[in-house]
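Q: any chance you can model this:
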Amino acid sequence: MFSLSSIFHSTSLCTNSGLLFSRPHKRLILFLVLWTCLCYFVFRINFREELINDFYNTRELLAKVVETGKPNKRNGNPLSGSGSESAISSGGSTTTTTSSVFNIFDAELAVDKSPAQSEQDLVKDLQMKLPNLPIVYLQENKNKNWHYRNQSTCAKFPTLYDLHFNNIYWQETETSNGTFFFYGAYLDVRKKNQLGPTVRILSMINRIQPTIKTFCQLWFKGSKEPVIAKVYEYKYIWYHKWGNYKTGIFQPYLIACPIPKSHWYKEPVSVSVVEHMCDIATNNLRVIYNKLDTGVKKKEFAVCVKGLDFPSTDLSVRLVEWIETLHTLGADKVFLYNLEIHPNVTKVLNYYVKKGLVDLTPISLPGYQPNMPHLQHLYLKSKLTNKRQNELIPYNDCLYRNMYRYEYIALLDIDEVITPLKHNSWSEMMKYVRASSLAIKNETRASYNFRNVYFMDEMLKAHGGFNKDIPQYLHMMQHVYRSANYTKPGQYIKCFHNPEKALILHNHFPLGCLGVCTSYPVDNSIGHLQHYRKDCVSTLKKSCDRDYKKVSVKDISLWKWKTPIVSNATEALSALGFFKNNPTGPSGLISESMLSKP
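A: Okay, here's the model as predicted:
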């Protein structure tokens, strides 16, 4: 490319060199010079316009034009741009369309701009999620060089990061004879505890009847050194005849650490179990002591449920009916443990947690056992005895968390209901049962057991199907035909346990008590356990048809509470949005006139 100065310079050279041009030649040269200048300026202007156009075209390519059938509501959608509306009339109907431009250069991101949580807030949040961990206590004293007496390396206070966590909710310790997994620690100051104040620790150990000597390092608030106590016993929460009685498989135990008399009237904050008294612990559990405040009375009934394992089965509606039934009969609160459940079941449980009727605690399996979604379910389905042994941890955790708060504790599955047959509530029934038991022998029983009877699915079909005056979605209310025969006394029973006497609990009865284990059998005419199943349990399969399916009878005992149960369950299902055509409001969905009397 050449410049104007070069052109004029060439022209001057021609002139100065004495070259002669005629007048027409000079005019032609001048014309060419002017034409060249004009072309140059036009080219410069066009080139600049193309650069500007390219810039704006790039912006337009990055912009998104959205055609919607709804009016533009900028306040409702912060990312909407301004647009134009047009009404299109067709066949007398008018459709409004909105064209709005989403301009990424003016967009404001809707992200979390709140400041990061402080360490103190994180600790509080962790304490809520890990109630068995004394995290607040550990953090408050994280820089303290506490140890046993004058021995600077003996029983040093562990930091949070010295602990060996396992599968979130467990802590692990290796010994010379087995691996210990600890779940929870509890202060036992019950009157019938002959050991005196004792810290009891729920654990799983891969040994049969461990004999290894271990110690408890007990930490008290305000003290700079631990109190050392010998482990008194490993209480086996299982019968060897039930299977899995071999080393290498995790066995459930309740470890007892009696508190020295010098500290009987103090509450330990945390405890560590070690093989040698001076070991630096790799576990530290918060000692749970849920005592009642002065002047507060115990509530009557708590229900405990093992770890729920229903990852792909939607039992949400059944669960709503069951919780409402228990609450109507007198359950103050239902304590459930969560392994893996369907999203709708989670929705139901969270609903009742907010209402104060349910307590939901996440739990995992210790050690090498799988906790991956679905794999855990397949493992528990395949390893039934392992499953039963793992269930004893949440059952006994529920007992020890609530032993000072409730008069009775029942361990139930979500297809079971203890039903009063002559009284209006659990409370009325148990006042009668307790008086009857004392009349026979003047001593408080460790438990009161109820015979099991099956309400099987096929029995309803055999008797004509659904009841028209009961909503079909309420399973227990619909299934009113049961086996004429109860299971044998003592088999598949469920109990109201007395937490003042129960030491270790199994699904069906106490395995150990403070004092003698005594269980009072409640007469079938007073109350029984209604068990809603598709079929008999596996151990009764051979005799199921003959003993339990052959003869069935109608039993509408639960209909006594039909109106409140149907109304409350329907209200809950409506509030949860489980109806396809949801009623306009949850209140007053069911009136007594809508339900015929039993």
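
Q: A strand includes Phe181, no?
A: Yes. Under DSSP: H, G, I helix; E, B strand; the rest coil, Phe181 sits within a strand.

Q: please name the nearest non-neighbouring residue to it.
A: Pro366 (3.9 Å; CB to CB, 6 or more residues apart in numbering). Every residue, glycine included, has its C-beta placed from N, CA and C.

Q: tell me the secondary structure at the one you found.
A: Going by three-state DSSP: Pro366 is coil.

Q: Thr173 is in contact with that one, correct?
A: No. The criterion here is CB atoms under 8 Å, and Pro366 misses it with Thr173 at 11.8 Å.

Q: burial measure for the residue nearest to Phe181, as a count.
A: 25 (other CB atoms under 10 Å).

Q: mind listing what it touches?
A: The contact partners of Pro366, by CB atoms under 8 Å, 6 or more residues apart in numbering, come to 166-167, 170, 172, 181, 183, 204, 250.

Q: try it again at 7 Å.
A: 166-167, 170, 181, 204, 250 (CB atoms under 7 Å, 6 or more residues apart in numbering).

Q: then Tyr400?
A: Here Tyr400 is in contact with 186, 200, 288 (CB under 7 Å, 6+ apart).

Q: show me where the stretch 151-300 of the chain has helices.
A: Under the criterion DSSP state H, counting those that start in this stretch, the stretch 151-300 of the chain contains no helices.

Q: what ranges do the strands span in it?
A: 165-166, 170-175, 178-188, 198-205, 215-220, 227-230, 233-236, 251-258, 268-274, 285-288, 299-310 (DSSP state E, counting those that start in this stretch).

Q: and those as CSV, adding mean pLDDT?
A: Listed next are the strands of the stretch 151-300 of the chain as CSV, based on pLDDT from 0 to 100:
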stretch, mean pLDDT
strand 165-166, 96
strand 170-175, 98
strand 178-188, 98
strand 198-205, 99
strand 215-220, 97
strand 227-230, 97
strand 233-236, 98
strand 251-258, 98
strand 268-274, 97
strand 285-288, 98
strand 299-310, 98
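
Q: now those in a markdown table, with distance to Ile418?
A: Conversion of the strands of the stretch 151-300 of the chain to a markdown table gives the following (distance: least, CB to CB, whole Å):
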| stretch | distance to Ile418 |
| --- | --- |
| strand 165-166 | 36 |
| strand 170-175 | 32 |
| strand 178-188 | 26 |
| strand 198-205 | 26 |
| strand 215-220 | 38 |
| strand 227-230 | 39 |
| strand 233-236 | 27 |
| strand 251-258 | 25 |
| strand 268-274 | 35 |
| strand 285-288 | 27 |
| strand 299-310 | 9 |
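
Q: how many neighbours does the residue nearest to Phe180 when sequence neighbours are not counted have?
A: Excluding the flanking residues, the one nearest Phe180 by CB to CB, 6+ apart is Thr173, at 4.6 Å. Residues near Thr173, counting by other CB under 10 Å, number 23.

Q: dump the residue contacts of Thr173.
A: Counted by CB under 7 Å, 6+ apart, Thr173 has contacts 164, 180, 273, 282-283.

Q: hmm, which two among the residues you listed are most spread apart?
A: Largest separation among those by CB to CB: His164 and Val273, giving 12.0 Å.

Q: between these two, tell me which one has more neighbours.
A: Val273 (26 against 14).

Q: identify the bridge partners of the more buried one.
A: Cys216 (DSSP bridges).

Q: for it, give me its contacts.
A: Counting by CB under 7 Å, 6+ apart, Val273 has contacts 173, 180, 182, 201, 214, 216, 231, 255, 283.

Q: for Lys541, give me its contacts.
A: By CB under 7 Å, 6+ apart, Lys541 has no neighbours at all.

Q: give me the average confidence score over the strand or helix carrying it.
A: Element membership of Lys541, judged by DSSP states H and E, is helix 541-544. Regarding helix 541-544, the rounded mean pLDDT is 90.

Q: the spatially closest residue to His377 that is not a sequence neighbour: neighbour count?
A: In this structure, His377 finds its nearest non-sequential neighbour in Pro311, 5.1 Å apart by CB to CB, 6+ apart. When neighbours are counted by other CB under 10 Å, Pro311 registers 17.

Q: Gln117 now?
A: 11.

Q: once you drop chain neighbours, what's closest to it?
A: Asp125 (7.3 Å).

Q: ok now the strand or helix carrying the one you found, how far from the chain's centre?
A: Asp125 belongs to helix 119-129 when elements are defined using DSSP H and E. In terms of CA atoms, centre = their mean, to the nearest Å, the centre of helix 119-129 is set 17 Å apart from its chain centre.

Q: can you pull the buried residues of it?
A: 123, 127 (16 or more other CB atoms under 10 Å).

Q: from the contacts of Tyr400, which is closest to Gly512?
A: Distances from Gly512 to the contacts of Tyr400, taken by CB to CB, are shortest for Arg200, at 11.2 Å.

Q: isn't the closest one up against Ile259?
A: No. Arg200 lies out of contact with Ile259 (CB atoms under 7 Å); the separation is 11.1 Å.

Q: how is the protein divided into domains?
A: Using automatic domain parsing, the domains assigned to the chain come out as 1-46, 119-288, 299-454+487-532+561-594.

Q: about what we covered before: list phi and psi for the residue nearest to His377.
A: phi -70, psi -30 (degrees, to the nearest 10).

Q: and for His164 and Val273, which residues touch both?
A: Counting by CB under 7 Å, 6+ apart, the residues touching both His164 and Val273 are 173, 283.

Q: any low-confidence regions in the stretch 1-150 of the chain?
A: 1-21, 45-100 (pLDDT under 70).

Q: switch the cut-off to 80
A: Scanning the stretch 1-150 of the chain for pLDDT under 80 picks out 1-26, 31, 35, 39-102, 137, 141-145, 150.

Q: go on, the stretch 251-400 of the chain?
A: Nowhere does the stretch 251-400 of the chain drop to pLDDT under 80.

Q: now do the contacts for Tyr532.
A: 415, 455, 475-476, 479.

Q: my guess is Gly307 meets Phe335, correct?
A: No. If you go by CB under 7 Å, Gly307 and Phe335 don't touch, sitting 11.6 Å apart.

Q: that older thread, adding distance to Asp555, write the domains of the chain out as JSON lines.
A: Formatted as JSON lines, these follow (distance: least, CB to CB, whole Å):
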{"stretch": "domain 1-46", "distance to Asp555": "95"}
{"stretch": "domain 119-288", "distance to Asp555": "31"}
{"stretch": "domain 299-454+487-532+561-594", "distance to Asp555": "8"}
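
Q: circling back to that earlier point, against which helices or strands is the helix holding Asp125 packed?
A: Applying 3 or more CB pairs under 7 Å, 6 or more residues apart in numbering; DSSP states H and E, one finds that helix 119-129 contacts helix 135-140.

Q: just the buried positions in the helix it packs on, please.
A: So helix 135-140, judged by 16+ other CB under 10 Å, has buried residues 135, 137-139.

Q: CA atoms of it as PDB?
A: The C-alpha coordinates for helix 135-140 follow below in PDB (Å, rounded to 0.1, in the frame of the first residue of the first chain):
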ATOM      1  CA  ILE A 135     -16.900 -32.200  68.700                       C
ATOM      2  CA  VAL A 136     -17.700 -28.900  70.600                       C
ATOM      3  CA  TYR A 137     -15.700 -30.200  73.600                       C
ATOM      4  CA  LEU A 138     -12.800 -31.400  71.400                       C
ATOM      5  CA  GLN A 139     -12.600 -28.000  69.600                       C
ATOM      6  CA  GLU A 140     -12.800 -26.000  72.700                       C
END
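
Q: which other residues reach it?
A: By CB under 7 Å, 6+ apart, helix 135-140 touches 123, 126-127, 159-160, 269-270, 284.
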